[in-house]
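Engineer: Please find the sequence and the predicted model below.
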Amino acid sequence: MTLGIDGIISGLDTTSIITALMQIEAQPQALLETKKSDAEDVLEALQSINTKTAALATAAKTAADPTSWSSFTGTSSSDGVSVSTDSTASAGTLTFTVDAVATSQVSLTAAALTGADLVAENPPTLTFLKNDGSYVTITPASNSLADMAAAINASDAGVTATTVQVSGGASPTYRLQFTSEDTGTDGSFALYEGDQAAIEGGTATRLDSTVVTTAADASITLYAGTAAATTYTQSSNTFSDLMTGVDVTLSSTATAGESVTVSVAANAESVSSLAEDLVTNLNAILADITKYTKSGEGENSSGDSIVTAGVLGGDSTIRSLKLAISQAGYYAINGVSPAQYGIEISEDGTFTFDADTFADALTSDPDGTATFMQALAERLQTAAESYSDSKTGALSLKITSEQSKIDDYTDKISDWDDRLAKREEVLQQKFTAMETALATLQSQQSYIEQMISSLSTSSDS
């Protein structure tokens, strides 16, 4: 920063002179700043492309994994039967006959005004005798209907209790309703007033005297009408792993005697997205490459229109990346083109995905489609990772190099800041010295002029 020494003696615009001289001195630094800015543009472009290339590598790795293609969905010919699958499921069909749907036991006490009409003790001792011969004894806070229901619900008896009003008027009556939490005979029970010893001794009173719904097991028959017919009975309505990785559940709307066919097929929507993601990520890279390499229009220093190169125009690494991923996307595998599975390259070099073509291929040959797409994805993964790998990828190495270049420019620009500051100080000192010297000369000139004037006056006298 220049001092206010403008024209003290000389009349020169010292500030403007130093500013002009410093602009000349700073030209090398300005050139470095331009180079740094250009390098930062290149770095930004490389990082953008590298991010998308890494995304392709990730999508391809997922698609190359065989477990990604083990997504199957099940359907049922009956609204009363549902199907669920896990990762171990495979394509197939199975037909069976519904014999019975599992039900839960529902029992009732006798109608009563209060709990005291049902049990003699206060508080009473209540004991469940379960189907497996085990006992669960409960002691409510009192013999009120509410306390007995609450104690049962808080226990591990596997039974829920609720109070139901069964008559109105001034003195309504109630029943306690008991419902097994589990379906089938495994959930059946009997509720007594008394402990285990009283039950075993035959002195306990059964409280759930009315069974509204009897516990029943679910039952289906496989291969009905053939020599291989097999009846499968269990307490649960869900037949787990009826086929590998496939659970079949009967609902209350399932009809006894109904023939049901369960079908399991590849989940077309899920696996189709694997293929579509490959195309989406391929096109994202190609779009970025086009963005950063295409020519544009600009002006030269004279204001004339010129053609300008893209930030990465002519970059050999980017050209090789474009070629590598394009070839990986459209080259045939064992003589079969990706177009057979809906992946095609257009005239402009971008890719398209035909979901209908893919779905047809998946339907006609699910295993072959999965095998081909896994091979294609593996090839794309290899191509993408050879550029995006954080340690060995060509793009990653180029990004590291460009960042080092920017860091070097930054250091050099900083060095020039110090150099220019010192140079400006020197110029200020020189111009200050000049003004001081001129002031001295001016003083001497004034003294000489005074002396001459004095001599002239003496001579005239």
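Structural biologist: Here it is on my side, so go on.
Engineer: any idea what V166 is structurally, helix, strand or coil?
Structural biologist: Here V166 is strand, with the state taken from DSSP: H, G, I helix; E, B strand; the rest coil.
Engineer: Show me how the record splits the chain into domains.
Structural biologist: Domains of the chain are assigned by automatic domain parsing as 1-71+267-295+309-456, 72-102+218-266, 106-213.
Engineer: chain center to the second one: distance?
Structural biologist: To tie it back to what came earlier, the one meant is domain 72-102+218-266. Domain 72-102+218-266 sits 34 Å away from the centroid of its parent chain (Cα atoms, centre = their mean, to the nearest Å).
Engineer: Based on its surroundings, how many neighbours for D417?
Structural biologist: D417 has 12 neighbours, counted by other Cβ atoms under 10 Å. The C-beta positions use only the backbone N, C-alpha and C, and glycine is treated the same way.
Engineer: Look up how far T205 lies from it.
Structural biologist: D417 sits 100 Å away from T205, going by Cβ to Cβ, to the nearest Å.
Engineer: And the helix or strand containing A384, what's buried?
Structural biologist: Under DSSP states H and E, the secondary-structure element containing A384 is helix 366-388. Residues of helix 366-388 classed as buried: 366, 369-370, 372-374, 376-381, 383-388 (neighbour count, 16 or more other Cβ atoms under 10 Å).
Engineer: helices or strands up against the helix or strand following it?
Structural biologist: For helix 366-388, the succeeding helix or strand toward the C-terminus, using DSSP H and E, is helix 394-460. If contacts are counted by 3 or more Cβ pairs under 8 Å, 6 or more residues apart in numbering; DSSP states H and E, helix 394-460 sits against helix 14-25, helix 27-64, helix 316-330, helix 366-388.
Engineer: if we can go back for a sec, CA atoms only: put the helix holding A384 into CSV for me.
Structural biologist: Written as CSV, here are the backbone C-alpha positions of helix 366-388 (Å, rounded to 0.1, in the frame of the first residue of the first chain):
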residue,chain,number,x,y,z
PRO,A,366,-35.2,-66.3,-15.6
ASP,A,367,-32.0,-68.2,-14.9
GLY,A,368,-30.4,-67.3,-18.2
THR,A,369,-31.3,-63.6,-17.8
ALA,A,370,-29.9,-63.5,-14.3
THR,A,371,-26.6,-65.1,-15.5
PHE,A,372,-26.2,-62.8,-18.4
MET,A,373,-26.9,-59.6,-16.4
GLN,A,374,-24.5,-60.7,-13.7
ALA,A,375,-21.8,-61.1,-16.3
LEU,A,376,-22.6,-57.8,-17.9
ALA,A,377,-22.6,-56.1,-14.4
GLU,A,378,-19.3,-57.6,-13.5
ARG,A,379,-17.8,-56.3,-16.7
LEU,A,380,-19.1,-52.8,-16.0
GLN,A,381,-17.9,-53.0,-12.4
THR,A,382,-14.4,-53.9,-13.6
ALA,A,383,-14.3,-51.0,-16.1
ALA,A,384,-15.7,-48.5,-13.7
GLU,A,385,-13.4,-49.4,-10.8
SER,A,386,-10.3,-49.2,-13.0
TYR,A,387,-11.0,-45.5,-13.1
SER,A,388,-12.8,-44.7,-9.8
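Engineer: Done for today, thanks.
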